[in-house]
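Novice: based on what follows, work out the 3D shape:
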Amino acid sequence: MREIVSIRRNAAAMAVPTSSQPEQSASDIHREASLPNPDPPKDSQTAAIVDEHLQYMVATYVRPPPMMVKGKGCYVWDIENRRYLDFTAGIAVNALGHCDPEMARLMGQQARTLVHTSNLYHNPWTGALSQLLVTKTRSSGSMHGASKVFVCNSGSEANEAAIKFARKVGKIRQPSGKQHEIVSFNESFHGRTMGSLSATPNPKYQKPFGPMIPGFRYGTYNDEAGIENLVNERTCGVIVEPVQGEGGVNVATASFLQALRNRCNEVGAVLIYDEIQCGLSRTGQLWAHANLPPSAHPDIVTTAKALGNGFPIGATMVTEEVARCVVTGDHGTTFGGNPLACRLAHYIVSRLSDPELQSGVVEKEKTFRVGFERLRKRFPELIKEVRGRGLILGLQLTQAPTPIVTAARERGLLIITAGTNTLRFVPPLVISNEEIEEGLGILEQAMEIALNSKEQIDGTKGQQEMAPEGR
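Specialist: This next block holds a predicted model:
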């Protein structure tokens with residue numbers, strides 16, 4: 001691990017050379033000695049580096065103590081050379097694992113060839129990626145009307161484009177501007193920019209930046225009875241996640257999505273499936289809606305996260321009818337579609353659309369579910385429900401999961417939360433059954449410790465993009 005040694009040596013030059021912290025108590029020393037991956041203490045080299053850096057960083061996230069510096073496959077290492085099995089995949093991003101060798105090779109090759117020219121000029125990779133996304137989507141049985149792609153830099157940008165496109169369609173269909181409202185659903189997460197945040201009905205996160213953009217309405221997920229009143233002649237677009245990630249790993253029923261499609265057809269609204277977290281084979285199919293009949297398919301699909309396997313890129317895929325409404329000058333991006341990002345995404349889409357990888361996801365879901373059932377039998381007072389599809393899974397707990405997250409991390413497993421009292425599992429899609437079993441074994445230890453330990457285990461709050469009120 002020469003890289004880590006080098007990083008530690010360089011970081012040490014920035015770190016505070018001596019500690020003002022009191023010596024650890026005997027109980028603290030005993031506890032750390034009993035753990036394979038104890039969090040770095042407040043007087044550690046890691047803490048000194050973090051403290052040095054934090055004074056220059058806007059406080060947007062609450063992070064646990066370790067500082068990650070290296071990854072390979074399904075593992076990451078911190079600056080203290082502790083190894084962690086990663087069940088988070090960078091929040092469902094690293095579908096091919098960390099530092100995929102071919103991705104690294106292509107990145108270096110393209111970086112030496114051409115990185116950026118702007119969208120004022122053609123490059124070979126933006127179009128090639130767009131073509132691949134459309135053809136793979138059609139052949140997968142998803143979005144039968146897929147026609148064109150807008151390439152951008154992130155999930156929020158992909159959703160912003162989708163919202164704008166829906167508004168433009170509404171303006172064309174109703175020049176009076178009457179058809180302008182966007183419908184989204186409670187417990188959803190669509191991003192942090194003003195448009196995508198306006199579609200994310202969490203008062204805790206909307207209030208500091210209010211007022212929100214006008215024209216957004218919110219409904220109840222999987223409530224078919226409420227659709228008729230919710231989606232009406234003023235609605236230009238409906239945005240929904242087939243599987244809600246941040247909201248608690250909630251799965252939309254097929255009948256709910258079909259009812260949304262039917263109502264959108266009735267009022268002339270655009271149906272948007274936000275597949276930023278649940279798409280690109282995380283459910284075992286290229287898109288999470290691939291199990292639906294064509295009559296329930298969307299007009300727009302948004303994607304990001306796994307599309308770049310860690311490199312920033314997003315995309316908004318639309319039908320021909322939507323594409324005809326968007327003309328030159330309506331939308332754009334400076335960095336989106338650059339040759340480097342698109343070449344990497346082209347390779348990643350090719351890998352993630354592989355049927356063998358997809359069937360492996362389905363089999364690995366079974367391994368997780370067998371393990372979850374074993375845990376549920378051992379901790380019936382803790383685990384209420386298992387939710388999800390493929391390798392986007394959630395354990396609904398009866399209590400706050402943060403002590404379990406901490407106990408797991410200090411034993412070498414990274415997990416994150418979602419919704420209210422939900423543990424979320426979104427590991428790399430290339431994870432092995434042996435690694436899944438290893439992680440479930442650590443999780444069992446963590447649950448045992450969190451439930452039965454006499455000492456207080458502090459959890460790191462904020463281990464999800466948008467925690468609900470009170471977390």
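Novice: where does the stretch 1-150 of the chain dip in pLDDT?
Specialist: Scanning the stretch 1-150 of the chain for pLDDT under 70 picks out 1-34.
Novice: tell me the helices in it, going along the chain?
Specialist: For the stretch 1-150 of the chain, the helices defined by DSSP state H, counting those that start in this stretch cover 2-14, 26-33, 45-54, 89-92, 101-111, 124-139.
Novice: report the angle between the last one and helix 101-111.
Specialist: Which is helix 124-139. When axes from the mean of the first three to the mean of the last three C-alpha atoms, to 10 degrees is applied, the directions of helix 124-139 and helix 101-111 differ by 140 degrees.
Novice: ok, Phe311 - contacts?
Specialist: 103, 107, 340-341, 344-345 (C-beta atoms under 8 Å, 6 or more residues apart in numbering). (Each C-beta comes from the backbone N, C-alpha and C, glycine too.)
Novice: turn these into CSV, including neighbour count.
Specialist: Listed next are these as CSV, based on neighbours: other C-beta atoms under 10 Å:
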residue, neighbour count
Met103, 21
Met107, 17
Leu340, 21
Ala341, 27
Leu344, 25
Ala345, 31
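Novice: reformat those residues as TSV; add distance to Lys366.
Specialist: Converted to TSV, the contacts of Phe311 look like this (distance: C-beta to C-beta, whole Å):
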residue	distance to Lys366
Met103	28
Met107	34
Leu340	37
Ala341	34
Leu344	31
Ala345	29
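Novice: which one of those residues is nearest to Val405?
Specialist: Met103 (28.5 Å; C-beta to C-beta).
Novice: how much space between that closest one and His331?
Specialist: For Met103, the distance to His331 equals 28 Å [C-beta to C-beta, to the nearest Å].
Novice: could I get the average pLDDT for the lengthiest helix in the chain?
Specialist: The residue-count maximum for a helix in the chain (DSSP state H) belongs to helix 355-378. Across helix 355-378, the average pLDDT comes to 98.
Novice: starting at the chain centroid, how far to it?
Specialist: Distance of helix 355-378 from its chain centroid, counting by C-alpha atoms, centre = their mean, to the nearest Å, is 20 Å.
Novice: next: stretch 431-439.
Specialist: 21 Å.
Novice: pull the residues that contact it.
Specialist: 74, 85, 87, 97, 363-364, 367-368, 371, 391, 413, 427.
Novice: and of these, the nearest to Ser188?
Specialist: Among the contacts of stretch 431-439, and counting by C-beta to C-beta, the member closest to Ser188 is Leu391, at 20.6 Å.
Novice: surely that closest one is in contact with Val426?
Specialist: Yes - counting by C-beta atoms under 8 Å, Leu391 touches Val426, with 6.4 Å between them.
Novice: give me the common contacts of those two.
Specialist: Arg282.
Novice: so for those two, which sits in the more crowded spot?
Specialist: Between Leu391 and Val426, counted using other C-beta atoms under 10 Å, Val426 has the larger neighbour count: 31 against 26.
Novice: enumerate every residue touching that one.
Specialist: By C-beta under 8 Å, 6+ apart, the residues touching Val426 are 87-89, 91-92, 245, 277, 282, 391-393, 416.
Novice: Leu393 should be in a helix, yeah?
Specialist: No - using DSSP: H, G, I helix; E, B strand; the rest coil, the assignment for Leu393 is strand, not a helix.
Novice: could you pull up phi and psi at the nearest residue to it once chain neighbours are set aside?
Specialist: Excluding the flanking residues, the one nearest Leu393 by C-beta to C-beta, 6 or more residues apart in numbering is Phe425, at 4.5 Å. For Phe425, the backbone dihedrals are phi -120, psi 110 (criterion: degrees, to the nearest 10).
Novice: now swap in Glu228 and tell me
Specialist: Torsion angles, degrees, to the nearest 10, at Glu228: phi -60, psi -40.
Novice: pretty sure it contacts Arg263?
Specialist: Yes - assessed by C-beta under 8 Å, Glu228 is found in contact with Arg263 at 6.5 Å.
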